[in-house]
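> below is the structure, and that's it, no one-letter string:
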């Protein structure tokens, strides 16, 4: 049985595809306004035009800002095609994008020769080079930092970068930022890495101007696509026995089969592909020239199916070439993939992204979703379906499947937050201020940021922070619990403290209030009464928009509705398994969490004139009590050292 967890409808106004007098789409023009920034971070969804936005900015820096070279680094060779020669002057811009073929290092060739060519480029008069992240990393080790002075380094799919010392790309970028006068343009279609590792250290991130173009703006401005949904389906046994329930062969579909090391995999990826062929229909013919499979459905349609799981390099080369030259909706019907067809893969006709098994990070889910959210005349609806194994009391990997379940909820919540329009909210200064979902919502008891640091986070980083919160392991475990105080008073502040370690306790409280309001308003639904009054619905609670307060919103857990929807498809024994596995680790405190909880314990003791009790019926009080035990243990341990 399939679960529709998120469905968003759009206005289809065409704004995101319209161009201005210089040939720039809405997102590109927004980015171009920041062209003079030395460090620029562009966050926008797939198909919004990041590649061309970079071309506009890079050419302006070369021709008008005195930058002498442009380096474009992409995560894999196939994405290099996005930066091929492009005619821009015919559409109003003042220069064209041209790359010397010798310095397009995403074409065929050995890594050794590409690294050599990169070093030659840095010592030549050539202006533009395209290389993979890998080539850039290896070449950087052979180049003196000073050669990056007055050079633009553009990193595509920036979420691949990590601030960890073991990340060569992250270290290279850190050194370039700190030791040279290089210009940096970082581009990403994802709001976070998904593995809790920061991309940049705070000292470096503060140097970046940010341009954000939301998923909602992108989809709302499309010409054809007007709705998008996220669906989840659970199965027991083999996914191949349930695939027919979620695969609609009438939709242009990308099927991502499970990683061979995952629980969902049968461990024989080629046999899985053959069985999927059988689910689609009766195998009829193999187009050897293009390496495409022709399969006849039970209702007589002949479908073209691409197998990207194939290992043979010659066959894969043929398939890739065929897919790169698709120009008609009938050129392809279904693509079966494993590690391919994610980032940068362009098949605008795709209507359905069907993924079996949860992936390694929420970032990957966002990237896969991006494959079906491109605008195309053949579709008015796009859909992402995740087919995941249901936790089984008889299984050996209960904890793993429970974690999968919780991450699935996180992915849906993240995408719901990304896909819905932002609701602008602000503190209510007096009782006469009134607002609506369209013009902004006033919140009683919410304070204006008291410091510039808090102001910057609230105005620029809420989307990032929301994503970081949803990717936190403790938050994911809390998806199924009903104690809102634990989530809002302990877990969310802990994430904020970890992400922004220099904030004071008061600043953490302010940021927490703003992010709780942001997530609370995102989780609610605006409803207009017949008399024109506007309400916000949180679950079963209906609140007048003009009466919203921070205290009221703090009583709402934005995760509960998603859990309630998903749990409809799970039986009572399965839900008990999930709860039991979560309870096992409920009181495993991190240092950051203890730092957040300590003042809450002091406040509890002051207000109640007693210590919190471990056997309290209140989950919040129990958590404080166990944290106090842990703090006392640490204090005793230090006293004996």
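It's in. Since this is a predicted model, take the numbers as computed values, not measurements.

> can you give me the helices in the stretch 1-150 of the chain?
Counting by DSSP state H, counting those that start in this stretch, the stretch 1-150 of the chain has helices at residues 26-32, 50-64, 111-122, 133-140.

> which of these sits closest to residue 8?
Closest approach to residue 8 among the helices of the stretch 1-150 of the chain is made by helix 26-32 (18.8 Å; Cβ to Cβ). All C-beta spots, glycine's among them, are computed from the backbone N, C-alpha and C.

> how far away from the center of its chain is the closest one?
Computed by Cα atoms, centre = their mean, to the nearest Å, the chain-centroid distance of helix 26-32 equals 21 Å.

> just checking, what packs against it?
Packing contacts for helix 26-32, counted by 3 or more Cβ pairs under 8 Å, 6 or more residues apart in numbering; DSSP states H and E, involve helix 50-64, helix 215-220.

> thinking again about what came up before, any chance of the helices of the stretch 1-150 of the chain in a markdown table with distance to residue 424 as columns?
Converted to a markdown table, the helices of the stretch 1-150 of the chain look like this (distance: least, Cβ to Cβ, whole Å):
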| stretch | distance to residue 424 |
| --- | --- |
| helix 26-32 | 18 |
| helix 50-64 | 25 |
| helix 111-122 | 45 |
| helix 133-140 | 37 |
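
> just so I know, which of the ones you listed lies nearest residue 467?
Among the helices of the stretch 1-150 of the chain, helix 50-64 comes nearest to residue 467, with 18.1 Å by Cβ to Cβ.

> about what we covered before: determine which stretch of the helices and strands packed on helix 26-32 is the most buried.
helix 215-220 (a mean of 23; mean count of other Cβ atoms under 10 Å).

> quick revisit: least reliable of the helices and strands packed on helix 26-32 by average pLDDT, please.
For the helices and strands packed on helix 26-32, mean pLDDT drops lowest on helix 215-220, to a mean of 85.

> ok, the helix or strand just after that one: who's next to it in the sheet?
Next in sequence after helix 215-220, counting helices and strands by DSSP states H and E, comes strand 227-235. Using DSSP bridges, the strands paired with strand 227-235 are strand 2-9 (antiparallel), strand 381-389 (parallel).

> figure out which of those strands is closest to residue 179.
strand 381-389 (42.3 Å).

> rounded mean pLDDT for the closest one, please.
Strand 381-389 comes out at a mean pLDDT of 91.

> now do the very next helix or strand once past it: distance to the chain's middle.
For strand 381-389, the following helix or strand on the C-terminal side (DSSP H and E) is helix 398-419. The chain centroid and the centroid of helix 398-419 are separated by 12 Å under Cα atoms, centre = their mean.

> residue 247: which of the strands paired with strand 227-235 is closest?
strand 381-389 (8.7 Å).

> in stretch 264-273, what's buried?
Of the residues in stretch 264-273, 264-265, 269, 272-273 count as buried by neighbour count, 16 or more other Cβ atoms under 10 Å.

> can I get the helices and strands packed on helix 26-32 in TSV with distance to residue 549?
Converted to TSV, those look like this (distance: least, Cβ to Cβ, whole Å):
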stretch	distance to residue 549
helix 50-64	40
helix 215-220	26
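
> residues touching residue 449, list them.
By Cβ atoms under 8 Å, 6 or more residues apart in numbering, the contact set of residue 449 is 455, 457-458, 510, 514.

> recalculate using a threshold of 6 Å.
Applying Cβ atoms under 6 Å, 6 or more residues apart in numbering, we find residue 449 in contact with 455, 458.

> lowest pLDDT pick from the buried residues of stretch 264-273?
Ranked by pLDDT, the buried residues of stretch 264-273 bottom out at residue 264, which has 83.

> give me the domain ranges for the protein.
What automatic domain parsing lists as the domains of the chain is 10-217, 224-389, 419-581, 587-641.

> hmm, back to that, which single one of the buried residues of stretch 264-273 is nearest to residue 342?
Relative to residue 342, and with distances defined as Cβ to Cβ, the nearest of the buried residues of stretch 264-273 is residue 269, at 16.2 Å.
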